[in-house]
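S.K.: Predicted structure and sequence below. I'll ask about it afterward.
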Amino acid sequence: MSERRGARVVRGFTGGVAALLLALALGGDVSAQAAPDRGEPEPSVDITRIDWMTGCWRASDGGEELWTDGRGGQMLGLSRTWRDGRAVRWEFLRIYEARSTLIYAAAPSHQPPAEFIATVATEHEVVFGFPEHDFPTQIAYRRLSGDSIVVSVTGPGDDGTDQGFDIRFGRVSCDDRAS
């Protein structure tokens with residue numbers, strides 16, 4: 001990931017996550033942050049519209065995501081990918097309400113955090129965009145059924161052509177994630 005003009009990219013992953021965790025631990029109001037101003041239209045959305053994402057999800061490729069509910073105007077998430085019994089990628093995630101829209105804040109392993117603005121948010125789909133970002137520029141969650149979602153990650157490749165991938169997740173019990 002590279003930093004581009006207009007981006008809200010936090011330098012130093014550790015500092016950004018530490019600040020978020022400290023604010024949460026101290027009971028700080030982290031939900032009142034301003035949304036990045038990138039000139040996109042602002043849909044009037046509250047986070048309950050995407051409560052279908054709440055819970056624990058597992059992909060056949062060894063990935064998993066966990067999402068809290070949207071109490072207090074924010075959902076906290078964690079994503080990790082396993083290979084041969086080891087976590088090879090992880091990501092701290094947060095979706096929060098700001099300026100009548102939703103913001104997807106992602107802090108992926110070994111990369112600076114970035115924030116994406118919701119352009120669509122319905123009872124079956126939420127799409128977040130950050131056109132100035134290198135990759136991805138769009139992250140979409142689509143509800144296929146009550147027990148199945150697909151996450152689409154898209155953006156320009158090194159050669160400038162659109163590239164991306166989909167990850168299909170099935171709902172699992174949060175108590176049984178490790179099995």
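M.R.: Received the coordinates, thanks.

S.K.: Quick check: next helix or strand after the lowest-mean-pLDDT helix or strand in the chain?
M.R.: Least confident helix or strand, the chain: helix 13-25 with a mean of 37, by mean pLDDT, DSSP states H and E. Following helix 13-25 in sequence order, the next helix or strand is strand 55-59 (DSSP states H and E).

S.K.: Tell me which stretches of this structure form strands.
M.R.: Using DSSP state E, the strands assigned to the chain run over residues 55-59, 63-67, 74-83, 86-98, 101-108, 114-121, 125-129, 138-145, 148-156, 162-172.

S.K.: partners of the fourth one in the sheet?
M.R.: Sheet neighbours of strand 86-98, with direction, are listed as strand 74-83 (antiparallel), strand 101-108 (antiparallel) (DSSP bridges).

S.K.: Once you drop chain neighbours, what's closest to G157?
M.R.: Residue nearest to G157 in three dimensions, not counting chain neighbours: Q163, with 3.9 Å by CB to CB, 6 or more residues apart in numbering. Yep, even glycine has a C-beta here, placed from its N, CA and C like the rest.

S.K.: That should have said L102, apologies.
M.R.: Using CB to CB, 6+ apart, the closest residue to L102 is A118 (3.9 Å).

S.K.: Distance of that neighbour relative to E132?
M.R.: 16 Å (CB to CB, to the nearest Å).

S.K.: Which one of these two is surrounded by more residues?
M.R.: Legend: neighbour count by other CB atoms under 10 Å for A118 and E132, higher for A118 (24 against 15).

S.K.: Correct me if wrong: that one contacts F128.
M.R.: Yes: the pair formed by A118 and F128 meets the contact definition of CB atoms under 8 Å, at 5.5 Å.

S.K.: Could you tell me which residues touch both of the two?
M.R.: Common contact partners of A118 and F128 (CB atoms under 8 Å, 6 or more residues apart in numbering): L102, I103, Y104.

S.K.: list the contacts for the last one?
M.R.: By CB under 8 Å, 6+ apart, the contact list for Y104 reads L93, R94, I95, E115, F116, I117, A118, F128, I139.

S.K.: All set now, cheers.
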